[in-house]
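Visitor: A predicted structure for the sequence below; I have some questions about it.
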Amino acid sequence: MQDAVFTIKENEAIAKNVFRLVLAGDTSQVTAAGQFVNVSLPGFFLRRPISVADAGENELTLIFKTVGQGTDALSKMPTGTVLSVLTGLGNGYDLSKSGERPLLLGGGVGVPPLYLLAKKLRVSGKDVSVVLGFNTKEEIFYEDEFRALGCHVTVATADGSYGVKGFVTDALPEGCTYFYTCGPLPMLKAVYRTLALDGEFSLEERMGCGFGACMGCSVRVKGGYKRVCKDGPVFKKEELLWEG
C-alpha cells in the first residue's frame, strides 16, 4: 500500500452518470487486475474506493458512477487537480486459474476492473469471452474497448434496449473454462447459482479505511469472517456462503 500524489489528466463522461478519470502518478503498487484505490476528496472525510480499470507506467484509469456528493464532486474536478490516492489495495484476480477460455462477467460499474483483467489474459494468449450487463442502452460503456483487445463480447440490457434482453446470466457462452465476475450483489448471486464453473467474485462493501484496520467491510465466508478491502475484494467461489 502506498499513499501517493496523483494529478488529473482527463475527466470525462462516458455513459449516463459514468465518468472516466485518468490520473498521472506512481502506479508501481498496482500489481494485479481487480485491485482498487482509495481516493481522498477535498472537503470529504472518508476516501472513496474505486476499482482500477487500467494501469500503465505512471498512469491510472478509474471509472466511477456518480452516486452521492463525493463522486459528484469528483466528476467535476478539472484537469490539473492534485489528489491523494492510496494505491495497491486488495488482492486482485488469480490469472493462473483461467484455463484457455476464461469468461468475464461484469455488471454496471463492476465492469471496469475486468478491463485490466482482460488485457492481461489476452497478453498471455487466452481466448477471452466477456459478457457486460447494464440496465439500459444509455448506461453502456467499454464495449468497443473490450472488442479492441480481441475479446468475444456480448452485451445484455435489462430493458432490452440493446443486445440480449435480460441479465448476464441470460447471455452465457458455452465452452468456457473459468469465470471472473464483478457487479452488484444480486447479479453475483445469480452467477453463483447459474454457472457450474469454478470462478472468482469481486465483492463490494462500504469501506472506512480501505486497508483492513477498521474492520467495517467484514463479510462472513467459510471459516469465519474476512475483510473485503484487505482479504478481498476477490474471493473464490468455494469460499462464499451462498446457496447454490
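Guide: Perfect, I can see it now.
Visitor: What are the structural domain limits within this protein?
Guide: In the domain annotation for the chain, the residue ranges read 2-89, 95-193, 203-244 (automatic domain parsing).
Visitor: Buried deepest among those, which one?
Guide: Stretch with highest mean neighbour count among these: domain 95-193 (a mean of 19; mean count of other C-beta atoms under 10 Å). For glycine as for every other residue, the C-beta is placed from the backbone atoms N, C-alpha and C.
Visitor: one step back: got JSON lines for the domains of the chain, with mean pLDDT too?
Guide: Below are the domains of the chain laid out as JSON lines (pLDDT from 0 to 100):
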{"stretch": "domain 2-89", "mean pLDDT": "95"}
{"stretch": "domain 95-193", "mean pLDDT": "97"}
{"stretch": "domain 203-244", "mean pLDDT": "78"}
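Visitor: Let's verify the one residue sitting closest to the centre of the chain: helix, strand, or coil?
Guide: Central residue of the chain (C-alpha atoms, centre = their mean): Pro113, 3.2 Å from the mean position. Classification of Pro113 using DSSP: H, G, I helix; E, B strand; the rest coil returns helix.
Visitor: Does Val153 fall in a helix, a strand, or a coil region?
Guide: Secondary structure, three-state DSSP: Val153 is strand.
Visitor: Pretty sure it sits against Gly133.
Guide: No. Between Val153 and Gly133 there is no contact under C-beta atoms under 8 Å: 11.9 Å.
Visitor: What ranges does this structure have for its helices?
Guide: All helices of the chain, identified by DSSP state H, fall at 69-75, 112-123, 143-148, 185-194.
Visitor: The residue lying closest to Leu21 once chain neighbours are set aside: what's it in contact with?
Guide: Sequence neighbours aside, Leu62 is the residue nearest to Leu21 in space, at 4.5 Å (criterion: C-beta to C-beta, 6 or more residues apart in numbering). When contacts are counted by C-beta atoms under 8 Å, 6 or more residues apart in numbering, Leu62 touches Arg20, Leu21, Val22, Leu23, Val37, Val39, Ile50, Ser51, Val52, Ala53, Pro112.
Visitor: Pairing partners for Leu62 in the sheet, please.
Guide: Leu21, Val52 (DSSP bridges).
Visitor: Relative to Cys217, how far out is it?
Guide: 19 Å (C-beta to C-beta, to the nearest Å).
Visitor: Equivalent analysis for Leu103, please.
Guide: Applying C-beta to C-beta to Leu103 and Cys217 gives a distance of 27 Å.
Visitor: Contacts only, for the residue lying closest to the residue nearest to the centre of the chain once chain neighbours are set aside.
Guide: Spatial nearest neighbour of Pro113, excluding adjacent residues (C-beta to C-beta, 6+ apart): Ser51 at 4.2 Å. If a contact means C-beta under 8 Å, 6+ apart, then Ser51 has Gly34, Gln35, Phe36, Leu62, Ile63, Val109, Pro112, Pro113, Cys182, Ser202, Pro233 as its contacts.
Visitor: From what I see, Asn11 and Ser75 are in contact.
Guide: Yes. The pair Asn11 and Ser75 passes the contact test of C-beta under 8 Å, sitting 7.0 Å apart.
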